[in-house]
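**Student:** 3D model of this:
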Amino acid sequence: MPESWAVVCRQCTRLATEVPAHVLVVALLTTGLGLFVLFVLALFLVAPVPRNPLPEEKKYRTLAQDGAVTDPQPLPCWLGAADTEKQARRSPKGKATIEPPELFMSVVVPAYNEEERLAGMLEEAVNYLERMYGTLASEDGDEAAAVNAVETRSVRKRKPPDSSAANGHYAGAALDRGWEIVIVSDGSTDRTEEVAFHFARDHQLSLHPKGYAGPWTPQVHEGVPIPPGTIRVVRLTHNRGKGGAVTHGMRHVRGQYVVFADADGATKFDDLGKLVTACRDIEDVEGRGVAVGSRAHMVGSEAVVKRSKLRNFLMHSFHLILWLMTPPKTATVKDTQCGFKLFSRGALPYIVPCMHSEGWIFDVEMLMLAEFAHIPVAEVPVGWREVKGSKLNVLRDSIGMAWGLAVLRAAWSLGVYRQR
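**Tutor:** Next up, the predicted model:
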């Protein structure tokens, strides 16, 4: 058998030497082209395509003034175009035209079976939002909070309004009050939505609301009253994944700025002011900017060192893959996966309508789209701590994220995905 194979190899070599060189070159080029075409076709098959929202998913529920849950109401959409599900309108100068903001800060919270952790996160969020951007911002007697509020508002007013701008940003730049929380229940099968409404009812109807312990406030304190309708609940009929829930929520925000925050409250919500300051500092003339919460400064901390060796190995491996496979500026972001990212309203049309990934890797696609559109991005250190109850399967989801990143990068590089 070995001798017969050797004979075959010698015959193949002899035949190859007898074939003209130009024929070999053409054959190689044709084979390479065929393989490339097959690769692109396969990429079209495996590249994720986000599903269109169902009619009932374009509605929200909130609490009326008497504390009753309202009937489903149509969600607002900042795109303001007839075909809002496909693309943002473009003005003759190429700038996105969107609806003006109605309030200053929107918070999108993706929640899948979060009945145990949601109330604590909401407690810390509404306490900060109401004191900073609500009615308590001017009434709070806490000196530190008052100083922080003044600093944040002075940053917001650093750039004067420009009524000639058409992207909806400068038209609302004078807003320094008003907030909302949009909770996107991602096909939850537990009491996530009931917990959200119960929390809103406690804080809306009572002058002295019941407080809830959170990751950063383990001691229960009295809550703050909130205005009616500030917490909205959107229900996705079928689970879409964290990326799909975040993107869906961000399509329907009313704020000058929008931040998405994880329902576990692992990130210190009081650091939102840092993101606002950083975003305002880097915004371009169109009012576009992104501020990314980062845990990179914690790499050597006790919280990370105590993790398992497997988890730390997978974390470093993922960072290496990111560095190798993402565009230059995205590759410089040290922490792409922190669930605390802020977007100016002017940046939304260049990112949200173009999103495809609905899984864990969606953060990377957002940063890539910001880079493609030349939107400035700032990375801001934020407080973070481990919270029990994570739904991330370290090994399985790490492999899935690596595969998703490879498909994502290839799809954008080869034109399978296109910015509209």
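
**Student:** where exactly do the helices run in the stretch 251-400 of the chain?
**Tutor:** 272-282, 302-305, 309-325, 328-331, 362-372, 394-413 (DSSP state H, counting those that start in this stretch).

**Student:** elements contacting the fourth one?
**Tutor:** For helix 328-331, the packing partners by 3 or more C-beta pairs under 8 Å, 6 or more residues apart in numbering; DSSP states H and E come out as helix 309-325, helix 362-372. Placement of C-beta: from N, CA and C, glycine included.

**Student:** most neighbours per residue, which of the ones you listed?
**Tutor:** helix 362-372 (a mean of 23; mean count of other C-beta atoms under 10 Å).

**Student:** now that helix: mean pLDDT?
**Tutor:** Average pLDDT, helix 362-372: 95.

**Student:** Measure how that helix sits relative to helix 394-413, angle-wise.
**Tutor:** 30 degrees (axes from the mean of the first three to the mean of the last three C-alpha atoms, to 10 degrees).

**Student:** on that earlier part again, dump the helices and strands packed on helix 328-331 to CSV, plus distance to Arg288.
**Tutor:** As requested, the helices and strands packed on helix 328-331 are exported to CSV (distance: least, C-beta to C-beta, whole Å):
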stretch, distance to Arg288
helix 309-325, 23
helix 362-372, 8
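
**Student:** Which one of these lies nearest to Val253?
**Tutor:** Proximity to Val253 (C-beta to C-beta) singles out helix 362-372 among the helices and strands packed on helix 328-331, at 14.7 Å.

**Student:** Distance of the residue nearest to Ala331 when sequence neighbours are not counted relative to Val364?
**Tutor:** Distances taken as C-beta to C-beta, 6 or more residues apart in numbering place Trp323 nearest to Ala331, at 4.9 Å, with adjacent residues excluded. Distance of Trp323 to Val364, computed by C-beta to C-beta, to the nearest Å: 12 Å.

**Student:** thinking again about what came up before, between the helices and strands packed on helix 328-331, which gets nearest to Thr13?
**Tutor:** helix 309-325 (37.3 Å).

**Student:** ok but Gly211 is inside a strand, no?
**Tutor:** No: if the criterion is DSSP: H, G, I helix; E, B strand; the rest coil, then Gly211 is coil and not within a strand.

**Student:** Which strand or helix spans Tyr60?
**Tutor:** strand 59-60 (DSSP states H and E).

**Student:** So what are the sheet partners of that strand and their directions?
**Tutor:** strand 73-74 (antiparallel) (DSSP bridges).

**Student:** helices or strands up against the longest helix seen in the chain?
**Tutor:** In the chain, with assignment by DSSP state H, the single longest helix is helix 21-46. Here helix 21-46 touches helix 394-413, going by 3+ C-beta pairs under 8 Å, 6+ apart.

**Student:** May I have the helix it packs on as PDB, with CA atoms only?
**Tutor:** Extracted in PDB, the C-alpha atoms of helix 394-413 (Å, rounded to 0.1, in the frame of the first residue of the first chain):
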ATOM      1  CA  VAL A 394     -19.100  31.000  31.300                       C
ATOM      2  CA  LEU A 395     -17.800  28.200  29.000                       C
ATOM      3  CA  ARG A 396     -20.700  27.800  26.700                       C
ATOM      4  CA  ASP A 397     -21.400  31.500  26.300                       C
ATOM      5  CA  SER A 398     -17.700  32.400  25.900                       C
ATOM      6  CA  ILE A 399     -17.500  30.000  22.900                       C
ATOM      7  CA  GLY A 400     -20.700  31.400  21.600                       C
ATOM      8  CA  MET A 401     -19.400  35.000  21.900                       C
ATOM      9  CA  ALA A 402     -16.200  34.100  20.100                       C
ATOM     10  CA  TRP A 403     -18.200  32.500  17.200                       C
ATOM     11  CA  GLY A 404     -20.600  35.400  17.200                       C
ATOM     12  CA  LEU A 405     -17.700  37.900  17.000                       C
ATOM     13  CA  ALA A 406     -16.100  36.100  14.100                       C
ATOM     14  CA  VAL A 407     -19.400  36.000  12.100                       C
ATOM     15  CA  LEU A 408     -20.100  39.600  13.000                       C
ATOM     16  CA  ARG A 409     -16.700  40.900  11.800                       C
ATOM     17  CA  ALA A 410     -16.800  38.800   8.600                       C
ATOM     18  CA  ALA A 411     -20.400  40.000   7.800                       C
ATOM     19  CA  TRP A 412     -19.500  43.600   8.200                       C
ATOM     20  CA  SER A 413     -16.200  43.300   6.400                       C
END
